[in-house]
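Q: Quick one: sequence and predicted model below, then my questions.
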Amino acid sequence: MMIHSTASRFDSSDLLLQVAGLGVRFGRQQVLRDVDIAIPRGQTVAIIGESGCGKTVLLKAIIGLLRPTQGEVRFDGRNLANLTERELVRQRIRFGFLFQQAALFDSMTIAQNVAFPLRQHTRRSDDEIREIVLARLAEVGLSGAVLPMRPVELSGGMRKRVGLARALAMEPEMMLYDEPTTGLDPIMSDVINELILSARRSHPVTSVVVTHDMQTTRKVADRVVMLYPLSRLGRDEPQILYDGPPDGLEKCRDRRVAQFVRGEAGERLMEMRLQNGS
């Protein structure tokens, strides 16, 4: 199941994010090529694919941290590449970002970490900020007891939850998750998945989840987009192998999609042996 352009499936007024003809190159290395993704408001899209396929690069382009070599990213109708740095900062406030390792500030307390975007971008009083911080922590299952603690005092799962609380503090219109369950045990991974679902129920948010975790993909996504490394594609082959509902992955006839979904390494091992001349 391959769809070259998703924009035609949605009314343009419903689209929050449009990625059109996106290409990203670092020197001679092309990472993304002719990527088209259109995401309507309220949808949760999982971006899947093996390491090196450009998932995180796509995420950085979506938030404007990386300027595309070709094509464009439009957020709420505006081309990010045409914005001034000040305008770009204002647009980024509308995003929440849960980083792969939570990216908390080690020198700050948990209270200061969650409050950070509120102090940077609003004029709320200390009492208002504390109320919001406590509310967001409660949403991710943490009590006020963690407020004076430092990130180093928390487990990996707790740090991820604090990172999610901070990302939700500004009530973003779009949430971006970069490998939200990496490094977590199966139980804590499912806790994070449930919190992603809970965030969507509690806030009118559109989400992009970059992951290689099929459990996360099946549980939280309305739609799945699978990228493939350009180094393993022909010049005219599309980089998006699949764009559709999670339950369609198992029925996809593209063997590369099936191998990724099932975690089958046979063909890849054969390629590696051939590359090594063994």
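A: Good, I have the coordinates.
Q: going forward, measure contacts between C-alpha atoms and count neighbours the same way
A: Fine.
Q: Show the contacting residues for A258.
A: By CA atoms under 8 Å, 6 or more residues apart in numbering, the contact set of A258 is L249, E250, C252.
Q: Can you give me the pLDDT of the closest residue to the second one other than its chain neighbours?
A: This means E250. Leaving aside its sequence neighbours, E250 sits nearest to A258 (CA to CA, 6 or more residues apart in numbering; 6.6 Å). A258 is assigned a predicted lDDT (pLDDT) of 89.
Q: got it, and Q275?
A: We have a pLDDT of 55 for Q275.
Q: and the residue nearest to E250, what helix or strand is that in?
A: A258 is part of helix 255-262 when elements are defined by DSSP states H and E.
Q: tell me which residues of that helix are tucked away?
A: Of the residues in helix 255-262, R256, V257, F260, V261 count as buried by neighbour count, 16 or more other CA atoms under 10 Å.
Q: hang on, the earlier thing: narrow the contacts of A258 to those that are buried.
A: Buried among the contacts of A258 by 16+ other CA under 10 Å: L249, C252.
Q: quick one: the residue nearest to E250 and A145, what's the gap?
A: From A258 over to A145 the distance is 45 Å, taken as CA to CA, to the nearest Å.
Q: Which parts of this structure are helices?
A: Ranges of helices in the chain, per DSSP state H, are 55-62, 85-92, 110-121, 126-139, 156-168, 186-202, 214-220, 255-262, 266-275.
Q: Next, format the ones you listed as a markdown table and append distance to Q43.
A: Written out in a markdown table, the entries for the helices of the chain read as follows (distance: least, CA to CA, whole Å):
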| stretch | distance to Q43 |
| --- | --- |
| helix 55-62 | 15 |
| helix 85-92 | 19 |
| helix 110-121 | 25 |
| helix 126-139 | 21 |
| helix 156-168 | 17 |
| helix 186-202 | 9 |
| helix 214-220 | 10 |
| helix 255-262 | 22 |
| helix 266-275 | 33 |
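Q: Determine which stretch of those helices is the most buried.
A: Of all those, helix 156-168 has the most neighbours on average by mean count of other CA atoms under 10 Å, namely a mean of 25.
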